[in-house]
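Enquirer: fold the following, please.
(one chain, ligands or ions: 2)
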Amino acid sequence: MTMPTIKAVRAFTVRGGGADYHDQGAGHWIDDHIGTPMGKYPEYRQSRQSFGINVLGTLVVEIEADDGTVGFAVTTAGEIGAFIVEKHLSRFLIGRKVTEIEKIWDQMYFSTQYYGRKGVVLNTISGVDLALWDLLAKVRKEPVHALLGGPVRDELQFYATGARPDLAKQMGFIGGKLPLHHVPAEGEEGLKKNIELLATMRERCGDDFWLMYDCWMSLDVNYATKLAWKAQEYGLKWIEECLSPDDYWGYAELRRNVPKGMLVTTGEHEATRWGFRLLLEMECCDIIQPDVGWCGGVTELIKISALADAHSKLVVPHGSSVYSYHFVITRQNSPFAEFLMMHPVPDQVVPMFTPLLLDEPVPVNGRMKASALDTPGFGVRLNPEVTLHRPYPVG
Ligand SMILES: C[C@H](O)[C@H](O)[C@@H](O)[C@@H](O)C(=O)O
Ligand SMILES: [Mg+2]
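Expert: Ligands and ions are numbered 1, 2, ... in the order given. Below is the predicted model of the structure:
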């Protein structure tokens, strides 16, 4: 079979939800006094949008082959990402065979290493990589998971991230991850409120339902240790992303400090095999949580996951819709997945990247059959009612 070659690469931006799922309207639980590293400034405590959590917006990468097949993917990178795709990365794609994914990744990473390595550059490389996997799988008329070795189980099971774990339990999820609302700068009063919320949710959910706290880089080792020990009484299953992603030493200390049996997790703002090698070799956490749209794409997640497996660590990707589901279903060390509740009041399941994608599968009763992923590529389409903007058209 003669493989088609890439004839066009296009980068678009979109505002309002989509892959930049923090880019929501007013009154959404995901922007309601959630603890962040900016919480030391009282003026930035109520809303993460106030300090710019949603400034980037969504990047849509479209890659067209000379046989007319079009692969695409979405991630969090907005106009900066569109610039990098059109002005820099596209030179490594045009004219290449759709099978040259590994070589293209290597050239994208090392050609941007002088200004990239993590953050929005790796988000952008991830978006291109995901679009390449979508394209290749569509050319081969297979779902992406089939190119990754195929499902190791019949269905995915999900925990839900949102403000209402009690409702998540009623919807059939295996657990509920709460955002932490108060940071060290809010003192003992804030710590007390953090524990009171957990106690309330434990009361409502019963003893067997997983409850976790997501701390979104907002704590220090001392506070996180105190929180963990107070939370043990309420059976906190894991404490997530407590510290700055760069504080590998702090994570290693925290993991030694927490009560036996409580898991320490992190990784959604980490990138590449080198970043995760540090987390694994410095014994920073029990579960790594790469976002496949931010860590380097599927091509890099394959390497990251193998590293973790060799360290007997679980890989539970940060919620990234179909882009993580197709990976998780193929790996034994990814036994469950995250589902981010994107309805403003998390009392109903809506597609994670809503309104950007059509045919985006959602968990039913907290589960998703592998067969729900059996459409070529990642199995989703761009919603034609969503206006795309191409800020840097080339040629
Ligand atoms: C709910 C958390 O504060 C973040 O908004 C979320 O994106 C991320 O940390 C997660 O693990 O889902
Ligand atoms: Mg998180």
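Enquirer: what about the helices in the protein?
Expert: Counting by DSSP state H, the chain has helices at residues 78-87, 101-112, 119-139, 144-147, 165-170, 187-205, 221-231, 248-257, 272-281, 297-310, 322-328.
Enquirer: looking at those, spot the one closest to Gly39.
Expert: If you check each of the helices of the chain against Gly39 by Cβ to Cβ, helix 187-205 wins as the nearest, at 9.0 Å. In short, each C-beta sits where N, CA and C put it, glycine included.
Enquirer: so what pairs up with the residue in the stretch 101-250 of the chain that ligand 2 sits nearest to in the strands?
Expert: When you check the stretch 101-250 of the chain against ligand 2 by Cβ to the ion, the closest residue turns out to be Asp214, at 4.3 Å. Applying DSSP bridges to Asp214 gives these bridge partners: Pro179, Glu240.
Enquirer: check it and give its pLDDT.
Expert: What the model reports for Asp214 is a pLDDT of 99.
Enquirer: and if you look at Thr2?
Expert: Here, the pLDDT recorded for Thr2 equals 88.
Enquirer: gap between it and Val98?
Expert: 11 Å (Cβ to Cβ, to the nearest Å).
Enquirer: of those two, who's got more company?
Expert: Val98 (25 against 6; other Cβ atoms under 10 Å).
Enquirer: which residues touch that one?
Expert: With contact set as Cβ atoms under 8 Å, 6 or more residues apart in numbering, Val98 has these partners: 3-6, 65, 69, 71, 132, 135-136, 139.
Enquirer: got a quick ChimeraX command for the buried subset of those?
Expert: Buried members of the contacts of Val98 can be picked out in ChimeraX with the line below, counting by 16 or more other Cβ atoms under 10 Å:
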select :4,5,6,65,69,71,132,135,136,139
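Enquirer: dump the contacts of Val98 to JSON lines, plus distance to ligand 1.
Expert: JSON lines is the format used below for the contacts of Val98 (distance: Cβ to the nearest ligand atom, whole Å):
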{"residue": "Met3", "distance to ligand 1": "37"}
{"residue": "Pro4", "distance to ligand 1": "36"}
{"residue": "Thr5", "distance to ligand 1": "37"}
{"residue": "Ile6", "distance to ligand 1": "32"}
{"residue": "Ala65", "distance to ligand 1": "33"}
{"residue": "Thr69", "distance to ligand 1": "32"}
{"residue": "Gly71", "distance to ligand 1": "26"}
{"residue": "Leu132", "distance to ligand 1": "25"}
{"residue": "Leu135", "distance to ligand 1": "27"}
{"residue": "Leu136", "distance to ligand 1": "28"}
{"residue": "Val139", "distance to ligand 1": "32"}
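Enquirer: who in the stretch 1-150 of the chain is up against ligand 1?
Expert: 30, 34 (Cβ under 6 Å from any ligand atom).
Enquirer: how near is the closest residue to ligand 2 within the stretch 1-150 of the chain to Trp229?
Expert: Proximity to ligand 2, evaluated over the stretch 1-150 of the chain using Cβ to the ion, is greatest for Ile34 at 10.6 Å. For Ile34, the distance to Trp229 (Cβ to Cβ) stands at 22 Å.
Enquirer: more crowded one of these two?
Expert: It is Ile34, of Ile34 and Trp229, that has more neighbours when counted by other Cβ under 10 Å, with 25 against 14.
Enquirer: so where's the protein shaky on pLDDT?
Expert: Counting by pLDDT under 70, the chain has low-confidence residues at 395.
Enquirer: get me the contact residues on it for ligand 2.
Expert: For the chain, the residues in contact with ligand 2 under the definition Cβ under 5 Å from the ion are 214, 241, 268.
Enquirer: who wins on neighbours among those residues?
Expert: For the residues of the chain next to ligand 2, counting by other Cβ under 10 Å, the largest number of neighbours falls to Glu241: 25 neighbours.
Enquirer: contacting residues for it?
Expert: Remark: with contacts taken as Cβ under 8 Å, 6+ apart, Glu241 is in contact with 214-217, 265-269, 289.
Enquirer: and if you look at Leu356?
Expert: The neighbours of Leu356, taking Cβ under 8 Å, 6+ apart as the test, are 14, 17-19, 58, 60, 74, 382-383, 386.
Enquirer: what do you get for Arg367?
Expert: Neighbour list for Arg367: 155-158, 172 [criterion: Cβ under 8 Å, 6+ apart].
Enquirer: just these: which are in strands?
Expert: In strands, defined here by DSSP state E, the members of those are 155-158.
Enquirer: can you turn the buried part of those into a ChimeraX selection?
Expert: Written as a ChimeraX command, the selection of buried residues from the ones in strands among the contacts of Arg367, which uses 16+ other Cβ under 10 Å, is:
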select :155,156,157,158
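Enquirer: out of the ones in strands among the contacts of Arg367, who's nearest ligand 1?
Expert: Out of the ones in strands among the contacts of Arg367, the one with the shortest distance to ligand 1 is Phe158. That distance is 11.9 Å, counting by Cβ to the nearest ligand atom.
Enquirer: the closest one against Pro363, yeah?
Expert: Yes - Phe158 sits in contact with Pro363 when judged by Cβ atoms under 8 Å, with a separation of 4.7 Å.
Enquirer: list residues touching both of the two?
Expert: With Cβ under 8 Å, 6+ apart applied, the overlap between the contact sets of Phe158 and Pro363 consists of 173, 339.
Enquirer: which residues are in contact with Asp31?
Expert: Taking Cβ under 8 Å, 6+ apart as the criterion, Asp31 is in contact with 22, 24, 47-49, 53.
Enquirer: which one of those residues sits in the busiest neighbourhood?
Expert: Ranked by neighbour count (other Cβ under 10 Å), the contacts of Asp31 have Arg48 at the top, with 22 neighbours.
Enquirer: thanks again, I'm all set now.
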